[in-house]
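1. below is the sequence, then the predicted model.
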Amino acid sequence: MFEKVNPSHPDKLADRIAGALVDLAYQKEKNPRIAVEVLIGHGKCHIIAETSVSIELEKVQEIVSRIVGDVDVDYVEVPQDTHLAKNQFDTIRCGDNGIFKGMPLTKEQKKLSHIARRIYDDYECDGKYIIDGDRLIICQSNAKTVDLKLKYPNAEINPIGDWTGGINVDSGATNRKLGSDMADSVTGGGLHGKDLSKADVSINVYCFIKAQETGAPIELCCAIGDETIDSIPYSEIVEITREYIFELGGFEKFAEWGLV
């Protein structure tokens with residue numbers, strides 16, 4: 001059983017905005033410290049950024065406009081806490097406490113992810129999908145049920161009828177769709193809107209990669225300030241994650257579909 005949402009779901013729009021701001025921070029510094037929270041809906045976008053790199057309001061507004069269109073932007077920027085900043089001053093150490101579990105993807109999860117992407121190629125608007133054995137549920141906004149039925153004749157499509165989604169129907173918030181992003185993997189935090197020093201990003205990605213490579217679960221925990229995780233330097237985990245995310249195209253691209 002697995003649920004997947006697409007990049008135009010309101011929660012994913014919030015993740016994408018947060019990711020785009022992290023991308024911008026990485027354009028300014030090699031190793032910025034940034035954590036972004038986004039709440040969006042009904043013409044408003046509220047953003048709080050704790051960051052070592054100042055981001056111009058005009059740039060923030062450009063990002064929001066590009067991803068969601070014309071909304072009022074309320075942007076609050078504050079510096080990173082001095083105690084947390086000191087933890088990372090002389091070397092790359094784990095930026096947070098956390099527990100993490102990476103799980104190999106199942107055939108069912110891969111199948112639904114493929115279906116979601118294929119539908120999104122035709123309908124780049126709010127959608128969510130569920131698979132449970134032989135049961136496939138497709139809820140796709142701005143799409144005619146009859147058209148989807150031709151491609152997926154055995155699926156349950158838009159059970160309450162054709163609908164229009166997006167941020168004028170529903171609000172979105174960062175890291176609210178981690179089930180869609182991570183499938184059976186487990187995290188104590190969120191994937192999106194954070195720099196690579198944060199364990200919520202780097203150790204989650206590392207556990208996911210290792211679980212796919214070995215075909216077995218991997219469980220890790222960490223404390224803020226740890227220099228070694230899973231018998232390797234934390235800095236090496238950060239670089240593994242940097243390569244993974246940058247190969248996708250950056251943090252905004254990573255936010256579109258998550259790890260699945």
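-> Noted; the coordinates are in hand.

2. verify the stated contact: residue 177 with residue 10.
-> No. Checked against C-beta atoms under 8 Å, the pair residue 177 and residue 10 is beyond contact range at 9.5 Å. C-beta here means a position set from N, CA and C on the backbone, and glycine is covered the same way.

3. may I see the buried residues of stretch 125-145?
-> For stretch 125-145, a neighbour-count test (16 or more other C-beta atoms under 10 Å) marks 125-131, 136-141, 143 as buried.

4. widest-spaced pair of those?
-> Using C-beta to C-beta, these span at most 20.6 Å, a distance reached by 125 and 131.

5. any chance of the buried residues of stretch 125-145 in TSV, with pLDDT too?
-> Formatted as TSV, the buried residues of stretch 125-145 follow (pLDDT from 0 to 100):
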residue	pLDDT
125	97
126	98
127	98
128	98
129	98
130	98
131	98
136	98
137	98
138	98
139	98
140	98
141	97
143	96
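
6. after the helix or strand bottoming out on mean pLDDT in the chain comes which helix or strand?
-> Every helix and strand of the chain was ranked by mean pLDDT, DSSP states H and E. The lowest is helix 82-87, at a mean of 72. Next in sequence after helix 82-87, counting helices and strands by DSSP states H and E, comes strand 98-102.

7. that next one: how far from the chain's middle?
-> Centroid separation for strand 98-102 versus its chain: 16 Å, with C-alpha atoms, centre = their mean, to the nearest Å.

8. report the buried residues of that strand.
-> 98, 100, 101, 102.

9. go on, stretch 148-168?
-> In stretch 148-168, counting by 16+ other C-beta under 10 Å, buried: 148, 155, 157, 158, 165, 166, 167.

10. wait, is the last one part of a strand?
-> What it means is residue 167. No. Counting by DSSP: H, G, I helix; E, B strand; the rest coil, residue 167 is not part of a strand but coil.

11. tell me who's in contact with it.
-> 10, 13, 40, 41, 42, 68, 71 (C-beta atoms under 8 Å, 6 or more residues apart in numbering).

12. convert the helix or strand harbouring residue 58 to PDB, retaining C-alpha atoms only.
-> Using DSSP H and E, residue 58 maps to helix 57-68. Output of helix 57-68 as PDB, limited to C-alpha atoms (Å, rounded to 0.1, in the frame of the first residue of the first chain):
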ATOM      1  CA  LEU A  57      13.200  39.700  -1.000                       C
ATOM      2  CA  GLU A  58      13.000  40.300  -4.700                       C
ATOM      3  CA  LYS A  59      14.700  36.900  -5.400                       C
ATOM      4  CA  VAL A  60      12.200  35.200  -3.000                       C
ATOM      5  CA  GLN A  61       9.300  36.800  -4.700                       C
ATOM      6  CA  GLU A  62      10.600  35.700  -8.100                       C
ATOM      7  CA  ILE A  63      10.900  32.100  -6.900                       C
ATOM      8  CA  VAL A  64       7.400  32.000  -5.500                       C
ATOM      9  CA  SER A  65       5.900  33.600  -8.600                       C
ATOM     10  CA  ARG A  66       7.700  31.100 -10.900                       C
ATOM     11  CA  ILE A  67       6.400  28.100  -8.900                       C
ATOM     12  CA  VAL A  68       2.900  29.100  -7.900                       C
END
